[in-house]
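Enquirer: How does the following fold in three dimensions:
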Amino acid sequence: MARETQLHLTSHHRLPLAAEAARRQSWSNTNWKTRHPAVQLHHHQYQAPQTGNPVAPSQRLILLTSQICQKVGKHFGDEICHKEPKYIVFGSSLGKLLQWCHCQSCGSVDIHQVWTTTGTLLKIHQTCDSCLQATEWQSQPSIGNFPAGNMLLSAGILFAGASPTKVLRVLNHMGVMTYVKRTFFSHQRDILQPAIQGVWTQQQAAHIAMLQTEGRPLVLGGDGRADSPGHCAKFGTYTTMELESNVVLDLQLVQSNKCGGSYHMKLEGLKRMVAFFEDILEIGTLVTDRHRQIAKWIREYAVHKTSLLGRS
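Expert: Numbers count the residues shown, from 1 in each chain. Next up is the predicted model:
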């Protein structure tokens, strides 16, 4: 869980303390447009991208990120806000804005404020000293029980392949309030990885259905990659791409101690890939590297599957 901090402000001294709050607290995310409908974006009006238009190859990663974020939002049943623009706001500037706040019931400007932060989320609880009317403002919406800013920061780190340690260190050097590294790994394990798995399964099924409709033999290219160099790797992935459509169709994760050692992981990944496509699609051409185990396996076993492999 992200750490919470609090700061008490009154109308007489909230400006100096607001500047100190920018260094001590982590800011949060809330849907300010729904709480303040009169506020509008004039210079950079936000417009959600329209769906159904052709997507360039350079935009595929952005589209997949959008689909994953939407799946996270649907999982919790909340409005997703990953396309909404975000800004870095200094505590002193926010304090100046709050000077214009007054009680909506009696109009008094004597308002006691409590600033509470959870990761990147900022909550400001205001209480009128005259009529004791209480209101709360949040800087971000929520995704389920999680602040959206915390979740989107974790998603951005994971999808970009960045190091959470370095990214969080950069934000800490800037004075931007954020969560600890343990929170990132919690988001990754419990939310982001299941969402990625769901989007991958959906995309894979759609591409396979399209190829089944076309009815042509596949032109597959595959290769393996281990998690470390040498012969001491524990995990390896065998990636298979359909070369005519330029789409990755299959990923097989192989553990070395289940296939006789790291040297055999590439062959095991190929066998699993062929078994996966054997009953659903026809493989016309198989392109691999000059791995001797794969050449031997194709010569002794796959040559008998002429209806499956065709030429190799």
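
Enquirer: Tell me the spacing between Leu97 and Asp250.
Expert: Counting by Cβ to Cβ, to the nearest Å, the separation of Leu97 from Asp250 is 53 Å. Heads up, the C-betas are built off the backbone N, CA and C, glycines and all.

Enquirer: Neighbour count for the two, which is higher?
Expert: Asp250 (20 against 10; other Cβ atoms under 10 Å).

Enquirer: tell me the SS of that one?
Expert: Secondary structure, DSSP: H, G, I helix; E, B strand; the rest coil: Asp250 is strand.

Enquirer: Ser105 - that's part of a helix, no?
Expert: No - applying three-state DSSP, one finds Ser105 to be coil, outside a helix.

Enquirer: which residue ranges form the strands in this protein?
Expert: Secondary structure of the chain by DSSP state E: the strands cover 4-9, 111-118, 121-128, 134-138, 142-143, 146-147, 218-226, 235-242, 247-255, 283-287.

Enquirer: the inter-axis angle of the second one versus strand 121-128?
Expert: I take that to be strand 111-118. Angle, strand 111-118 to strand 121-128, by axes from the mean of the first three to the mean of the last three Cα atoms, to 10 degrees: 160 degrees.

Enquirer: which residues of the stretch 51-200 of the chain score low on pLDDT?
Expert: The stretch 51-200 of the chain contains residues with pLDDT under 70 at 51-80.

Enquirer: can you pull out the helices in it?
Expert: Assignment of helices within the stretch 51-200 of the chain using DSSP state H, counting those that start in this stretch yields the ranges 60-76, 91-98, 148-159, 164-174, 181-187, 193-214.

Enquirer: The shortest one packs against which elements?
Expert: Secondary structure elements in contact with helix 181-187, counted by 3 or more Cβ pairs under 8 Å, 6 or more residues apart in numbering; DSSP states H and E, are helix 148-159, helix 164-174.

Enquirer: Can you mark which positions in that helix are buried?
Expert: Thr183, Phe184, Ser186, His187 (16 or more other Cβ atoms under 10 Å).

Enquirer: what's the offset of that helix from the middle of its chain?
Expert: Its chain's average C-alpha position is 13 Å from that of helix 181-187, according to Cα atoms, centre = their mean, to the nearest Å.

Enquirer: For it, output the C-alpha coordinates as CSV.
Expert: Output of helix 181-187 as CSV, limited to C-alpha atoms (Å, rounded to 0.1, in the frame of the first residue of the first chain):
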residue,chain,number,x,y,z
LYS,A,181,8.7,0.1,-5.3
ARG,A,182,6.7,-2.6,-3.5
THR,A,183,3.5,-1.0,-4.7
PHE,A,184,4.6,-1.3,-8.3
PHE,A,185,5.2,-5.1,-8.0
SER,A,186,1.8,-5.5,-6.3
HIS,A,187,0.1,-3.7,-9.2
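
Enquirer: got a list of what the closest residue to Phe276 other than its chain neighbours touches?
Expert: Spatial nearest neighbour of Phe276, excluding adjacent residues (Cβ to Cβ, 6 or more residues apart in numbering): Asp250 at 5.9 Å. Neighbouring residues of Asp250 by Cβ atoms under 8 Å, 6 or more residues apart in numbering: Gln204, Thr239, Thr240, Met273, Phe276, Phe277.

Enquirer: Count the neighbours of the residue nearest to Gln104 when sequence neighbours are not counted for me.
Expert: In this structure, Gln104 finds its nearest non-sequential neighbour in Gln133, 6.9 Å apart by Cβ to Cβ, 6+ apart. Around Gln133 sit 15 other residues, with neighbours defined as other Cβ under 10 Å.

Enquirer: isn't Gln133 right next to Ser105, touching?
Expert: Yes - counting by Cβ atoms under 8 Å, Gln133 touches Ser105, with 4.4 Å between them.

Enquirer: now the farthest one out in this structure, which residue is it?
Expert: Ser130 (45.4 Å; Cα atoms, centre = their mean).

Enquirer: what sits against that residue?
Expert: Cys103, Cys106, Ser108, Asp110 are the contacts of Ser130 under Cβ under 8 Å, 6+ apart.

Enquirer: how many other residues sit next to Leu171?
Expert: 17.

Enquirer: same deal with Ile280?
Expert: Counted by other Cβ under 10 Å, the residues lying close to Ile280 total 10.

Enquirer: Thought Leu218 was touching Leu281, still the case?
Expert: Yes - with contact defined as Cβ under 8 Å, Leu281 reaches Leu218; the gap is 5.6 Å.

Enquirer: anything in contact with each of these two?
Expert: Taking Cβ under 8 Å, 6+ apart as the contact rule, Leu281 and Leu218 both touch Leu211.
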